[in-house]
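Undergrad: pasting a predicted model and its sequence here:
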Protein chains: 2
Amino acid sequence: MFFEGSEKKIELQLNSSAVSLRSLPHSFWQQALSLAQAEILSSLSNSHCDAYVLSESSLFVWEHKLLLITCGNTRLVDAVMFVIDKIGIAHISDLSYQRKSEFLSHLQATRFEDDVEQLSTKMAGSAYRVGHLDNHHHYIFCSEQAQKSDASACVLMYHIKGPVAQYLRGVSQSATEIRKLLELDRLLPQFEFDDHLFQPYGYSINGLFEDKFLTIHITPQERSSYVSIETNLNFLQYPFNIFSEMLRILNPSSWDIIGMNMQVDNLGFPSHRRLASCDLQLNPLNDFNYNHYIQSDCETLLAEVL
Amino acid sequence: MFFEGSEKKIELQLNSSAVSLRSLPHSFWQQALSLAQAEILSSLSNSHCDAYVLSESSLFVWEHKLLLITCGNTRLVDAVMFVIDKIGIAHISDLSYQRKSEFLSHLQATRFEDDVEQLSTKMAGSAYRVGHLDNHHHYIFCSEQAQKSDASACVLMYHIKGPVAQYLRGVSQSATEIRKLLELDRLLPQFEFDDHLFQPYGYSINGLFEDKFLTIHITPQERSSYVSIETNLNFLQYPFNIFSEMLRILNPSSWDIIGMNMQVDNLGFPSHRRLASCDLQLNPLNDFNYNHYIQSDCETLLAEVL
């Protein structure tokens, strides 16, 4: 049972003259997401943000900012094109689109280059690939921005192992138990959370605290496990590194750390080697960084019988 | 200018009652290869073997053994199905088929699973994947063999660097100079060689000495360089490790070593880390091993502007 965990992610920034995205009706988001072939499963709001758990990942809506993350075989860009048309391109100050190399790219409905071709009809920008084609790589398209994007970072984990990974693959799980295993209430007590447990596997959780968000998506399947965690938390305000804590709990064989206007310290990471890194100045105001880590030991591969 | 260097490779063993493959006319091989969308560019023979340089890699024909390697977007299996039908399945004692994960798998005419479906209609066997989907991985299908396959090994190199790599990407090259840079005449003076220089880039060379062969295929393109070297040399009979020598000259960022009934010592390899390994017993007589190496230093990635 293969499920493509690797995500596509878009961030739109609106200028202050734009309508508040939060004033748009629920039906607007349903319609937009249906174009991406995703749907809303659950939602959580605070005074800053509406956070939706989707059938494929998450949507975060602030007054003048939108973050949409979708996995599986979704057409994220189709939803974005709809949103841009409705809001009006004149009200959008910048756009960034990222896409991770997939486990099985041939199953995808579109390729990054196709997506960029569509997005470019709305906003001029630059497209990059970071990482070799034969290895983990990451695509990014960003518009010719006039303003600095909010700082954010994500960790993408591959091949999780150990007791929590085993639990996530087990026959009987509960969202309550998974949340406890992830220690989120202990680590981030100020956050409110909203989660969803998929059948037969898979877990998504969104968290909000003031204008800060955290979102975790877990595809635990034995041979193609994948976890993504994205946040705009200021790491310096916490006595721990939230990514290190999650790496300790989920124990992946390898992971990517990706920052937008943010460098994530590797203090507290499991014993590792950093195999590759890239610092990319996207434009005068925004920088992107990518680091690929693996655990220290040589991995003994088990052949998969096909 | 993208060219898929990653190869598909088939080995057929015939039993002693079969016709000698070397007695088949040139037109037979032309017809078979045309089905794979490859053609013969050049040939070399000795008393044991006929070796052909192809528009996409190489064909080696012994009396009762065939080794066909093709890269690009070829349909190697179609050629093999033709050969099996002509020879008669009763005369084929075993078959092994290998395929490396491609740089751009979505451009391929077939997938490994499709190939195995075809081959399985001729001979029952087992199919495996070694390596995670998000990383270098290698596919192998082998028939339920009754005999031990000949020992052989290959090194697959990624992202070659340094003066020889630069020369191979240069605007004016010569086959003579490339052969000299590879130091083949010095290292293997007993071998006869036959090579071909492609336009604008790319170099293939076959070598024969008695029943031993060596074949090297170089796709030097800056952003997706790839080199494969395959041989049935007995490494113990030489004072040097031929793979180490080639790694020194071509200086790749990473490489795979794959052995069939042969373990390749990493003595003399450039300063490296072994990231992953697998020993796989294909059947009671045959074993396969896979090792993935990278250079010791963290690689600084340059973003590719798309």
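TA: The structure has been received and is ready for your questions.

Undergrad: where's residue A:29, which helix or strand?
TA: helix A:26-36 (DSSP states H and E).

Undergrad: where does chain A dip in pLDDT?
TA: Regions of chain A meeting the criterion pLDDT under 70 are absent.

Undergrad: contacts for the helix holding residue A:29, please.
TA: By Cβ atoms under 8 Å, 6 or more residues apart in numbering or on different chains, the residues outside helix A:26-36 that reach it are A:39-40, A:52, A:54, A:56, A:59, A:61, A:68, A:70, A:74-79, A:81-83, A:86. Where you see a C-beta, it was placed from the backbone N, CA and C, and this is true even at glycine.

Undergrad: let's see 6 Å
TA: Applying Cβ atoms under 6 Å, 6 or more residues apart in numbering or on different chains, the contact partners of helix A:26-36 are A:39, A:70, A:74, A:75, A:76, A:78, A:79, A:82, A:83.

Undergrad: of the residues you listed, buried ones?
TA: A:70, A:74, A:75, A:76, A:78, A:79, A:82, A:83 (16 or more other Cβ atoms under 10 Å in any protein chain shown).

Undergrad: now render those as TSV, adding secondary structure and distance to residue A:260.
TA: Putting the buried ones among the contacts of helix A:26-36 into TSV (DSSP: H, G, I helix; E, B strand; the rest coil; distance: Cβ to Cβ, whole Å) gives the following:
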residue	secondary structure	distance to residue A:260
A:70	strand	18
A:74	coil	21
A:75	coil	23
A:76	helix	17
A:78	helix	23
A:79	helix	21
A:82	helix	24
A:83	helix	20
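
Undergrad: and the residues you listed, which is closest to residue A:177?
TA: Nearest to residue A:177 among these is residue A:70, at 26.3 Å by Cβ to Cβ.

Undergrad: pretty sure that closest one sits against residue A:78.
TA: No. In this structure, residue A:70 is not within contact of residue A:78 by Cβ atoms under 6 Å, at 10.4 Å.

Undergrad: stretch A:95-107: which residues count as buried?
TA: In stretch A:95-107, counting by 16+ other Cβ under 10 Å, buried: A:95, A:96, A:97, A:98, A:99, A:100, A:101, A:102, A:103, A:104.

Undergrad: any chance of these in JSON lines, plus secondary structure?
TA: Formatted as JSON lines, the buried residues of stretch A:95-107 follow (DSSP: H, G, I helix; E, B strand; the rest coil):
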{"residue": "A:95", "secondary structure": "strand"}
{"residue": "A:96", "secondary structure": "strand"}
{"residue": "A:97", "secondary structure": "strand"}
{"residue": "A:98", "secondary structure": "strand"}
{"residue": "A:99", "secondary structure": "strand"}
{"residue": "A:100", "secondary structure": "strand"}
{"residue": "A:101", "secondary structure": "coil"}
{"residue": "A:102", "secondary structure": "coil"}
{"residue": "A:103", "secondary structure": "coil"}
{"residue": "A:104", "secondary structure": "coil"}
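
Undergrad: and chain B, which of these reach it?
TA: residue A:103 (Cβ under 6 Å from any Cβ of the partner chain).

Undergrad: show me which residues of chain A sit near chain B.
TA: Looking at chain B, the residues of chain A close enough under Cβ under 6 Å from any Cβ are A:103, A:105-106, A:127-131, A:133-134, A:158, A:224, A:274, A:276, A:278, A:280, A:298-299, A:301, A:303-306.

Undergrad: any of those residues buried? List them.
TA: Here, 16+ other Cβ under 10 Å leaves A:103, A:127-131, A:133-134, A:158, A:224, A:276, A:278, A:280, A:299, A:301, A:303-304 buried among the residues of chain A next to chain B.

Undergrad: partners of the host helix or strand of residue A:273 in the sheet?
TA: Following DSSP H and E, the helix or strand that holds residue A:273 is strand A:272-283. Here strand A:272-283 is paired, per DSSP bridges, with strand A:286-295 (antiparallel), strand B:299-300 (parallel).

Undergrad: which residues touch whatever helix or strand comes next after the shortest one?
TA: This means strand B:299-300. Note on strand B:299-300: by DSSP H and E, the next helix or strand toward the C-terminus is strand B:304-305. With contact meaning Cβ under 6 Å, 6+ apart, strand B:304-305 is reached by A:128, A:129.

Undergrad: mind jotting down where the helices sit in chain A?
TA: A:26-36, A:76-87, A:112-120, A:163-168, A:175-181, A:184-187, A:242-250 (DSSP state H).

Undergrad: for the longest one, output the C-alpha coordinates as PDB.
TA: Coordinates of each C-alpha in helix A:76-87 appear next as PDB, following Å, rounded to 0.1, in the frame of the first residue of the first chain:
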ATOM      1  CA  LEU A  76      -2.200  22.000  -5.300                       C
ATOM      2  CA  VAL A  77      -1.400  24.500  -8.000                       C
ATOM      3  CA  ASP A  78      -5.000  24.300  -9.300                       C
ATOM      4  CA  ALA A  79      -6.300  25.400  -5.900                       C
ATOM      5  CA  VAL A  80      -3.800  28.200  -5.800                       C
ATOM      6  CA  MET A  81      -4.700  29.400  -9.300                       C
ATOM      7  CA  PHE A  82      -8.400  29.600  -8.200                       C
ATOM      8  CA  VAL A  83      -7.500  31.500  -5.000                       C
ATOM      9  CA  ILE A  84      -5.300  34.000  -7.000                       C
ATOM     10  CA  ASP A  85      -8.100  34.600  -9.500                       C
ATOM     11  CA  LYS A  86     -10.600  35.200  -6.700                       C
ATOM     12  CA  ILE A  87      -8.400  37.500  -4.600                       C
END
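
Undergrad: angle of it against helix A:26-36?
TA: Angle, helix A:76-87 to helix A:26-36, by axes from the mean of the first three to the mean of the last three Cα atoms, to 10 degrees: 140 degrees.

Undergrad: before we move on, what about the last one?
TA: Interaxial angle, helix A:242-250 versus helix A:26-36 (the same axes, to 10 degrees): 60 degrees.

Undergrad: who are the packing partners of helix A:242-250?
TA: strand A:152-160 (3 or more Cβ pairs under 6 Å, 6 or more residues apart in numbering or on different chains; DSSP states H and E).

Undergrad: mind checking how far the strand it packs on is from the chain centre?
TA: 9 Å (Cα atoms, centre = their mean, to the nearest Å).

Undergrad: could you give the angle of it to helix A:242-250?
TA: Using the same axes, to 10 degrees: strand A:152-160 against helix A:242-250 is 10 degrees.

Undergrad: quickly run through the sheet partners of strand A:152-160, with directions.
TA: strand A:226-231 (antiparallel), strand A:252-260 (antiparallel).

Undergrad: who touches that strand?
TA: In contact with strand A:152-160 (Cβ under 6 Å, 6+ apart) are residues A:225, A:227-230, A:232, A:243, A:250, A:252-260, A:262, A:264, B:134.

Undergrad: distance between the ends of stretch A:178-196?
TA: Chord length of stretch A:178-196, first to last residue, is 10 Å (Cα to Cα, to the nearest Å).

Undergrad: same check on stretch A:295-306?
TA: OK, stretch A:295-306 end separation, Cα to Cα: 27 Å.

Undergrad: what does stretch A:200-215 give?
TA: End to end - Cα to Cα - stretch A:200-215 spans 21 Å.

Undergrad: quick one: buried residues of it?
TA: Those would be A:201-209, A:212-215, for stretch A:200-215 by 16+ other Cβ under 10 Å.

Undergrad: and of those residues, the nearest to residue A:116?
TA: residue A:215 (24.1 Å).

Undergrad: that closest one contacts residue A:206, doesn't it?
TA: Yes. Counting by Cβ under 6 Å, residue A:215 does reach residue A:206; the two are 5.0 Å apart.

Undergrad: okay, and the common contacts of the two?
TA: With Cβ under 6 Å, 6+ apart, residue A:215 and residue A:206 have common neighbours residue A:58.
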